[in-house]
Each structure stands twice: as C-alpha cells, then as structure tokens.
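In: below is the structure, and that's it, no one-letter string:
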C-alpha cells in the first residue's frame, strides 16, 4: 500500500488561478477604489461584486492564491452553522433562529446559482465547471445518545423550514454504507462543489470583471489618511476608498483586532486512490456530503474524479501531517472496512476560523470590512456574506451577522489559541461520554 503524497487532491483536477495574476514585476497602482485583501472565496466574491459596480479593484493575496482554505476544504455546501440549531433557538428565539437559518439557506442557494448551467453561471462565464452536486448532506451519530440529539435537531430544523429526514440505525446502515452509526439526519438541501474548481472559477470571473489580482504581496497595515485609506504592503503603498479583508483563519499582525476575535483551527484531509465504480458506489451510496456529530468530527464525500475525500480533527495538540494522515486513514477504514485494501494517495491541511459562539461575522473594524468565522461552513457563507458586505458598503442593507456584537475573546489572547489543547481534553471526554 503506497504512502500518501502531501499534496491537495483537488488541485490536480483544477486550473491554477495563479496564472491569472499580474506578474510580480508589475508595479502596484498608486490609487484604486477598492483594495481587497485575501484571495479565497470571500476575497474573490467581494472583488467581483465591487468591480461589477464599475469600481477599480485590486486584490492582494499574501501567498499563492491556492495557499488558503478555499482550494483545500471538503467542498461541502450545507445548511447550518457551527452552532447547533438548538443554540440558535436558545439565543435568538424561534423567529430569530429562522432568520439565521434563512441566511444559511440563501447562501446555499447562491452557490447553486453560481454553479448552474445558466448563462450567468460560472461555467458559462469562465469555462470552469465547479462540478456542483446537489446531494444534500447526512449527519451521523455514533451512539444512541447522539441519535437522540439528532431527533431534537430534526424537529427544530423542520419547524424552521429545513427539509429533513430522520433515519434509524438500520436505514442509516443502508444509506451510509456503514454499520458504525446509531442513526442519522438527512438534510435535503445543499450538496458539494469541487472546491479548487469553484475557487478557480471565482478567480477567472473576478478577472473577467476587471479585478487586478496580485499574489505574494503581504499587507503590513491599513491607515486612515486624508480622505482615503492607506494600505501599506511589501510592494508599496496604495490609496483607496474602501478596504475589504477576507483573511479569516490567516489573520496576521496587519489585523490585530481581528486576531483577538477569531480562533484559528487546523483541519486535515486525506484522499483515496481513484476507486473502481462498484467500490465507490458501495462506499458513497447516493453521494451525500457526510459528517458525524463528534467534537473531533469526521467529514467525507466522494469526489468528482472517483475518490473518497475524508477529513477531520484528530487533536488540538501540534502534530505532523504524517501522524494526522495515519489517524485519519484508520478512522476512514474503521467506518468503511470495504476500503481496507485501498491506498491513500494524498494528505493535506488548512486552517479555518471560529468565533466563540460559532456564528459568522461581518464587521467594520478600524475602517476595514471583514467577513470571518464561518466555522467550517465557509464555502457558502464566505461567498454569500462577502457579496452582502460589498452591497452594505455601497449603501445596501446591513447583513445579519453585522448586527450581532463581536467583542474580543475575554481572556489574554493575541490570535494564538494556547487554550485549545486544554479544551480538546474536555471535547474528547464529551465524545467518549456520548458514545458510551
């Protein structure tokens, strides 16, 4: 059985958007209407939206466009947030929870629109098919306690308008192609994209709208000048009217206020070799996006090129990619013994970001508009909220997450989550208790 290469499986089946960037030798413009910082889904969606208004837009990425989470994630486009539906009802009441759920559903619909075969879809506009798969998703409980919690979630979600189906152990075994779960909740909206292709399509559409893409340009800080914002970078200074930052889990010293509000968390993935169609069908079933209900969750799906991509968290302690890949491989094969002889060919990691309440935020901090904290639901939310944030800056409605207070984390903290290993002990104990 071969050892995995430490590379991203999605990248081999997607155009490299770095080819769209201006050469490093080209000087930065001295003045633009918008500076967008971050070349992931949020930055590209925001830049394209701003350019559609006729603005001059410059997008800066501190590394390569593919370095962030947008081309490395699971590509899952699902209704919901990091926060449970029960937490939404507890904190906002039934109608307030419905408003949040409606936002999530609108974000999912926006991805479906962007991936549609219509003349306005990304495939028609750019020639890059994001490979949308409208399969919905399946939430899987390891033990009866988790299955009982899914019953509560099913009732709440149904009352909020989400189409769901609850399955017992027997039916779950059939549809999940695994006997490791005590029950499941199927959410019938949503699905998945090939994340690197979706990212490349957004980048191509942004350039077609007139956005000036630059990579390997690091922002050192943003200052308020006389009648303008001044963006200091490693390649020079730019004057602009508006600054949007979609840096999320990669917030650095340029945005200390943002770092004090976000908890960056690593997430890792592996991918199998391409499977025989019969084995793929016997593992992936109807092709739903899948994740379990653990704190140390697992998530997996079939890929458009015939693999199983499997990701999750194994620990909050620092660890090597080799050890993490081995732990994820063992977890995948425990869930799906039919893959026991299957080779793992790729392993990689990335970084996402949480807020304390696991709800996303749109905020203006020190003159910069931020979208962040989507807690693993960023394919849909980062894209949709970035567009809403640009509309807001142009005088439109205030996005729902911008109406929620966003205070710094109330402990000594500068963006390095020293407390996560300690929290991880509690999460692991909770997982064991719920699976007794």
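Out: The structure has been received and is ready for your questions. From a predicted model like this one, the values you see are computed outputs, not experimental measurements. Residues are numbered from 1 along each chain as shown.

In: surely residue 71 is in contact with residue 8?
Out: Yes - proximity of residue 71 to residue 8 meets the contact threshold set by Cβ atoms under 8 Å, at 6.8 Å. All C-beta spots, glycine's among them, are computed from the backbone N, C-alpha and C.

In: spit out the residues that contact these two alike.
Out: residue 196 (Cβ atoms under 8 Å, 6 or more residues apart in numbering).

In: higher neighbour count, the two?
Out: Between residue 71 and residue 8, counted using other Cβ atoms under 10 Å, the more crowded position is residue 71 (28 against 21).

In: buried residues in the host helix or strand of residue 151, which are they?
Out: Here residue 151, judged by DSSP states H and E, is contained in helix 144-159. Across helix 144-159, burial judged by 16 or more other Cβ atoms under 10 Å covers 146, 147, 149, 150, 153, 154, 156, 157.

In: what's the first helix or strand after it?
Out: Remark: after helix 144-159, the chain's next helix or strand is strand 164-167, criterion DSSP H and E.

In: mind checking the pLDDT average for that next one?
Out: Mean per-residue pLDDT for strand 164-167: 97.

In: parallel or antiparallel, which strands does that strand pair with?
Out: According to DSSP bridges, strand 164-167 forms sheet pairs with strand 183-187 (antiparallel).

In: now the next helix or strand after the partner strand: how far from the chain's centre is it?
Out: Next helix or strand after strand 183-187 toward the C-terminus (DSSP H and E): strand 191-192. Once both centres are worked out by Cα atoms, centre = their mean, to the nearest Å, strand 191-192 turns out to sit 12 Å from its chain's centre.

In: what residues does strand 191-192 touch?
Out: Outside strand 191-192, the residues touching it (Cβ under 8 Å, 6+ apart) are 74-77, 112, 132-137, 289, 301.

In: buried ones in the next helix or strand after it?
Out: Next along the chain after strand 191-192, taking DSSP H and E as the criterion, comes helix 195-208. Buried residues in helix 195-208, counted by 16+ other Cβ under 10 Å: 195-207.

In: determine the longest helix present in the protein.
Out: helix 85-114 (DSSP state H).

In: counting contacts, what elements does the helix or strand just after that one pack onto?
Out: Counting by DSSP H and E, the element after helix 85-114 in chain order, helix or strand, is helix 122-126. Packing partners of helix 122-126 (3 or more Cβ pairs under 8 Å, 6 or more residues apart in numbering; DSSP states H and E): helix 195-208.

In: could you give the angle of the helix it packs on to helix 85-114?
Out: Using axes from the mean of the first three to the mean of the last three Cα atoms, to 10 degrees, the direction of helix 195-208 lies 60 degrees away from that of helix 85-114.

In: which helices and strands sit right next to helix 195-208?
Out: For helix 195-208, the elements it packs on are helix 41-52, helix 85-114, helix 122-126, strand 212-215, helix 378-393, judged by 3+ Cβ pairs under 8 Å, 6+ apart.

In: show me what the helix holding residue 151 is packed against.
Out: Helix 144-159 sits against helix 85-114, strand 137-141, strand 164-167, strand 183-187, helix 420-434, with contacts defined as 3+ Cβ pairs under 8 Å, 6+ apart.

In: of the ones you listed, which stretch is the most buried?
Out: Highest mean neighbour count among the helices and strands packed on helix 144-159 (mean count of other Cβ atoms under 10 Å): strand 137-141, with a mean of 26.

In: who touches that strand?
Out: For strand 137-141, contacts defined as Cβ under 8 Å, 6+ apart pick out 76, 78, 147, 149-150, 153, 172, 175-176, 181-187, 190-191, 288-293.

In: run the last query once more with 7 Å
Out: The list of residues contacting strand 137-141 from outside it, by Cβ atoms under 7 Å, 6 or more residues apart in numbering, reads 76, 78, 147, 149-150, 172, 176, 181-187, 190, 288-293.

In: repeat that for stretch 361-375.
Out: Contact with stretch 361-375 is made by 42, 81-82, 222, 224, 229, 243-246, 248, 257-258, 262, 352-355, 358, 360, 381-382, 385-386, 388-389, 393, 399, 401-402, 404, 406, as judged by Cβ under 7 Å, 6+ apart.

In: so what's the nearest residue to residue 331 once chain neighbours are set aside up against?
Out: Spatial nearest neighbour of residue 331, chain neighbours left out: residue 298 (5.7 Å); criterion: Cβ to Cβ, 6 or more residues apart in numbering. Neighbouring residues of residue 298 by Cβ under 7 Å, 6+ apart: 291, 292, 310, 312, 331.

In: neighbour-wise, which one of those leads?
Out: residue 310 (25 neighbours).

In: that's a helix at that residue, yeah?
Out: No - counting by DSSP: H, G, I helix; E, B strand; the rest coil, residue 310 falls outside a helix, being strand.

In: that one: what's it in contact with?
Out: Residue 310 sits next to 269, 270, 298, 300, 328, 332 when contact means Cβ under 7 Å, 6+ apart.

In: so is the second one in a helix, a strand, or just coil?
Out: Assigned with three-state DSSP, residue 270 falls in the strand class.

In: wait, residue 307 sits on residue 274?
Out: Yes - here residue 307 reaches residue 274: they are 5.7 Å apart, a contact under Cβ atoms under 7 Å.

In: so which elements touch the helix or strand containing residue 58?
Out: Assigned by DSSP H and E, residue 58 falls within strand 57-61. With contacts taken as 3 or more Cβ pairs under 7 Å, 6 or more residues apart in numbering; DSSP states H and E, strand 57-61 sits against strand 31-37, helix 41-52, strand 212-215.

In: off-centre distance for that strand?
Out: With Cα atoms, centre = their mean as the basis, strand 57-61 stands 20 Å off its chain's centre.

In: between that strand and helix 195-208, how many degrees?
Out: Following the same axes, to 10 degrees, one obtains 150 degrees for the angle between strand 57-61 and helix 195-208.

In: what sits up against strand 57-61?
Out: 29, 32-39, 43, 47, 50-51, 206, 210-215, 217, 219, 233, 238.

In: which of the contacts of strand 191-192 are buried? Put it as a ChimeraX command.
Out: A single ChimeraX command selects the buried members of the contacts of strand 191-192 (16+ other Cβ under 10 Å):
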select :74,75,76,77,112,132,133,135,136,137,289,301
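
In: now the contacts of strand 191-192 as JSON lines including distance to residue 15, pLDDT and secondary structure?
Out: Below are the contacts of strand 191-192 laid out as JSON lines (distance: Cβ to Cβ, whole Å; pLDDT from 0 to 100; DSSP: H, G, I helix; E, B strand; the rest coil):
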{"residue": "74", "distance to residue 15": "20", "pLDDT": "97", "secondary structure": "coil"}
{"residue": "75", "distance to residue 15": "16", "pLDDT": "98", "secondary structure": "coil"}
{"residue": "76", "distance to residue 15": "21", "pLDDT": "98", "secondary structure": "strand"}
{"residue": "77", "distance to residue 15": "20", "pLDDT": "98", "secondary structure": "strand"}
{"residue": "112", "distance to residue 15": "22", "pLDDT": "98", "secondary structure": "helix"}
{"residue": "132", "distance to residue 15": "17", "pLDDT": "98", "secondary structure": "coil"}
{"residue": "133", "distance to residue 15": "19", "pLDDT": "97", "secondary structure": "strand"}
{"residue": "134", "distance to residue 15": "23", "pLDDT": "97", "secondary structure": "coil"}
{"residue": "135", "distance to residue 15": "24", "pLDDT": "97", "secondary structure": "coil"}
{"residue": "136", "distance to residue 15": "28", "pLDDT": "97", "secondary structure": "coil"}
{"residue": "137", "distance to residue 15": "27", "pLDDT": "97", "secondary structure": "strand"}
{"residue": "289", "distance to residue 15": "23", "pLDDT": "98", "secondary structure": "strand"}
{"residue": "301", "distance to residue 15": "21", "pLDDT": "98", "secondary structure": "strand"}
